[in-house]
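[1] Just need the structure, nothing else, for what follows:
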Amino acid sequence: MLPVRDRAPAPGPAPVTRLLILANVASFLVQIRLLGAGPALAWMELAAFVPQRFLADPIGFAPSLLLHAFLHADPLHLIGNLFFLAVFGDDVEVRLGRGRYLAFYLAGAVAAAAVHAAFEPSGWRPLVGASGAIGALLAAYVTWFPRSGVQAYVIVLAPLWWALRLVRRPPRFYLWWLPAWAYVGWWAVVQGWQAAGTLAVRDVSAPGVAWWAHVGGFAFGLVVAAVLRARRGSG
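    Residues are numbered from 1 along each chain as shown. Coordinates of the predicted model:
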């Protein structure tokens with residue numbers, strides 16, 4: 001389910017979230033503009049996080065711990081992540097403050113890469129995309145705004161309802177409002193289930209989704225958000 005908007009308290013301006021969106025778009029435009037050219041290939045080679053390569057040379061490939069979060073495989077990958085970032089990022093940014101929010105986002109990307117490497121240490125499957133960092137945002141959001149409403153586009157059911165012509169205006173019919181705890185909980189269960197399924201797969205070089213990176217980012221976000229919430233409560 002793709003998030004469309006939320007009902008969290010109006011947060012005000014969120015410039016860091018906007019800058020992160022622009023940075024992801026700019027990086028993708030560079031990819032498609034220079035695809036096949038030397039500079040683009042060099043950028044992809046440096047930025048994509050590959051567990052086996054990183055573990056063999058942690059210093060040389062240290063930049064990929066962060067830079068992978070600004071690469072995307074295709075336009076749908078980019079657009080999906082930007083929806084999540086736009087819907088959930090602004091509220092977390094206002095709650096944390098701009099500087100801490102940026103640090104939290106980037107640390108979520110590093111945590112995602114670390115967990116990906118821990119579960120696929122011999123893997124050559126490259127990790128690209130902001131999903132790990134966004135997992136951290138989702139964890140923080142559901143910790144601080146568990147009852148906030150989230151409107152989601154039900155992607156799986158939408159084509160079926162359209163094909164069966166059950167409604168004349170399907171876009172409004174399959175936009176659902178859910179409490180944040182239900183929406184993020186569903187997302188977390190899917191990531192965990194898919195990640196657990198990869199444990200039985202021996203070929204860690206085959207293309208696919210880096211599910212453990214999603215789990216790692218989410219787990220990192222839960223821990224940090226819980227600590228910050230406890231500190232605020234005790235103060």
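
[2] which parts of stretch 114-124 are buried?
    For stretch 114-124, a neighbour-count test (16 or more other Cβ atoms under 10 Å) marks 114-117, 119-120, 123 as buried. Glycine gets a C-beta too; all of them are placed from N, C-alpha and C.

[3] Checking my notes, Arg5 in a strand, right?
    Yes - counting by DSSP: H, G, I helix; E, B strand; the rest coil, Arg5 falls inside a strand.

[4] what's the neighbour count on it?
    Neighbour count of Arg5, defined by other Cβ atoms under 10 Å: 14.

[5] My guess is it contacts Gln151. True?
    Yes - assessed by Cβ atoms under 8 Å, Arg5 is found in contact with Gln151 at 5.1 Å.

[6] so where do the strands sit in the protein?
    Assigned by DSSP state E, the chain shows strands spanning 2-6, 149-153, 175-179.

[7] and the angle from the last one to strand 149-153?
    Orientation check (axes from the mean of the first three to the mean of the last three Cα atoms, to 10 degrees): strand 175-179 against strand 149-153 gives 150 degrees.

[8] OK, contacts around the closest residue to Asp90 other than its chain neighbours?
    Excluding the flanking residues, the one nearest Asp90 by Cβ to Cβ, 6 or more residues apart in numbering is Ala14, at 3.5 Å. By Cβ atoms under 8 Å, 6 or more residues apart in numbering, Ala14 lies in contact with 89-90, 93-94.

[9] between those residues, which is nearest Arg100?
    Glu93 (9.0 Å; Cβ to Cβ).

[10] Just confirm that closest one contacts Val16, I think it does.
    Yes - using Cβ under 8 Å, Glu93 is in contact with Val16, at 5.4 Å.

[11] Looking at the two, which one has more neighbours?
    Glu93 (25 against 21).

[12] Could you pull up the residues touching the more buried one?
    Going by Cβ under 8 Å, 6+ apart, the list of residues near Glu93 reads 11, 14, 16-17, 101.

[13] On the pLDDT front, check it for me.
    Predicted confidence (pLDDT) for Glu93: 95.

[14] now the one 4 residues further on
    Predicted confidence (pLDDT) at Gly97: the value is 92.
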